[in-house]
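Peer 1: I'll drop the sequence and a predicted model, then ask my questions.
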Amino acid sequence: MRQFRWRARSTAGKTCSGEIFADSEREVADFVRANYGYVIGIEKVERSSWRDSAFFAGKTINHKERAKFFQQLYTLLEAGISIAQALDVMSSGPNVKLCDVSRRLSAGLKKGLPLSGAMQKQTRVFPPQSIAVVEAGELGGELNAVLKALSDYYRRQDKLCKYVRSILAYPAFLIVVSCATVIFFSVELLPMFTTLYASLGVPETQLLRHLLFLKRLVGRHFLALAAVLIVSGKALYQKRKELVSLVCRLPGIRGLHRPYLEVRFVKMLALLLRSGTALPEAIRLAVRTVEDGEMRLQADRFADGILRGLGIAASATQAGNLFSHVTLEFLRIGENSGNLFQMLSEAAEIREQELMQRIRELKTILEPLLVMIIATVVFAAIAVMISPLFSVMTQMPAYQ
């Protein structure tokens with residue numbers, strides 16, 4: 001499949017252009033005549049620029065870009081144009097990755113696939129949950145509504161992730177500054193103090209000798225240590241999911257990580273139910289948004305309980321601590337009122353606000369604690385460097 005650039009003129013005399021993936025120029029011409037009018041010109045697009053979409057082939061996109069994609073598609077469909085025309089308009093936008101996604105979806109539609117079927121060809125871009133939501137919207141005739149709901153969902157996910165990152169930015173900055181300060185003392189000031197003590201004939205303390213030995217060792221084997229650090233960093237990056245899983249099991253962090261996963265799960269579950277997906281299938285699709293193995297097992301028990309004929313609230317209770325007490329209460333209300341997806345949306349909203357409040361409280365405690373730790377580390381580094389002066393001062397007559 002190659003990329004073509006086309007130009008066309010409508011019966012009203014309006015000129016338009018765009019790009020599309022196709023197997024031949026004839027296929028492009030048929031597409032243009034069916035959607036835009038008379039063909040003016042068709043040419044192949046050479047893949048020579050760094051902005052070429054092949055550079056982004058197979059790449060994933062973030063929550064913000066997904067929200068933007070679904071919002072644009074929803075807006076264009078609400079304006080009354082077809083999906084094919086909407087994707088063609090989006091394929092000429094400023095975002096190269098979204099343009100590539102739109103072109104590939106357009107190529108799938110030309111082959112007779114529905115939108116959800118074309119999305120299944122780009123699983124790195126569209127998670128299974130969003131594909132299931134779109135498929136349910138197509139079957140139920142509510143595609144526009146589910147596209148809007150997907151846009152809102154990913155926008156809120158992006159907002160939550162940015163909030164968590166902003167909370168962690170200041171502690172990370174303090175840690176980096178403290179490490180840079182210790183390195184500066186060790187590399188720049190330590191040789192100066194060593195030369196000064198040697199000229200004064202002041203004996204070095206044991207701590208200072210250990211620090212000097214460590215500095216000489218690093219300087220003598222710098223390349224080897226750098227290679228070890230690079231290899232170790234690459235290995236840790238490859239095992240980052242396992243490391244994150246271990247860190248999230250720590251007592252303080254688990255108390256925040258579990259509610260975060262619950263919010264993601266409940267939001268996606270509400271969205272799937274809103275699109276018309278059956279509850280057991282919606283549970284199994286929604287739980288794919290979380291990486292916690294225990295939570296996935298509990299979700300499977302929840303779905304199995306519903307399939308056995310148990311009530312929704314009863315199945316959720318028997319599944320374990322899959323939901324908090326607040327979410328369970330909203331589940332009972334939704335089950336009794338027949339408005340489950342709306343109750344789940346409200347429960348997710350409440351749990352998200354609680355999570356943000358707990359993160360703010362943790363930040364209030366963590367920031368002064370980090371400042372104290374960093375100040376202690378810097379003071380210890382300075383004390384080690386000037387420790388020989390203390391021994392000299394204690395030997396002066398005034399201290400006898």
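Peer 2: Okay, I see it.
Peer 1: what pLDDT does the model give the closest residue to Leu189 other than its chain neighbours?
Peer 2: Nearest residue to Leu189 in three dimensions, chain neighbours excluded: Met385, at 6.4 Å (Cβ to Cβ, 6 or more residues apart in numbering). For glycine as for every other residue, the C-beta is placed from the backbone atoms N, C-alpha and C. pLDDT recorded at Met385 is 76.
Peer 1: how close does Met385 get to Glu204?
Peer 2: As for Met385, its distance to Glu204 is 10 Å (criterion: Cβ to Cβ, to the nearest Å).
Peer 1: ok, these two, which is more surrounded?
Peer 2: More crowded of Met385 and Glu204, by other Cβ atoms under 10 Å: Met385, with 21 against 17.
Peer 1: where are the low-confidence patches of the protein?
Peer 2: 1-2, 21-23, 46-59, 240-241, 244-245, 247-253, 391-400 (pLDDT under 70).
Peer 1: and the strands in the stretch 201-350 of the chain?
Peer 2: Counting by DSSP state E, counting those that start in this stretch, the stretch 201-350 of the chain has no strands at all.
Peer 1: can you pull out the helices in it?
Peer 2: All helices of the stretch 201-350 of the chain, identified by DSSP state H, counting those that start in this stretch, fall at 206-220, 222-238, 240-247, 251-275, 279-286, 293-307, 312-318, 325-337, 340-394.
Peer 1: of those helices, which is nearest Asn95?
Peer 2: helix 251-275 (23.7 Å; Cβ to Cβ).
Peer 1: buried sites along the closest one?
Peer 2: Buried positions in helix 251-275, judged by neighbour count with 16 or more other Cβ atoms under 10 Å: 257-275.
Peer 1: what angle sits between it and helix 325-337?
Peer 2: Angle, helix 251-275 to helix 325-337, by axes from the mean of the first three to the mean of the last three Cα atoms, to 10 degrees: 20 degrees.
Peer 1: tell me which other helices or strands helix 251-275 touches.
Peer 2: Applying 3 or more Cβ pairs under 8 Å, 6 or more residues apart in numbering; DSSP states H and E, we find helix 251-275 packed against helix 128-140, helix 143-184, helix 279-286, helix 293-307, helix 340-394.
Peer 1: pretty sure the residue nearest to Leu189 contacts Leu190?
Peer 2: Yes: with contact defined as Cβ atoms under 8 Å, Met385 counts as touching Leu190 (6.3 Å).
Peer 1: flag every buried residue along the helix or strand encompassing Ser199.
Peer 2: Secondary structure assigned from DSSP states H and E places Ser199 in helix 190-200. The neighbour-count check on helix 190-200 (16+ other Cβ under 10 Å) flags 190, 193-194, 197 as buried.
Peer 1: in space, not sequence, find me the middle residue of this protein.
Peer 2: When Cα atoms, centre = their mean is applied to the chain, the residue found nearest the centroid is Asn62 (6.1 Å).
Peer 1: and it, what does it touch?
Peer 2: Shown in contact with Asn62 (Cβ atoms under 8 Å, 6 or more residues apart in numbering): Asp158.
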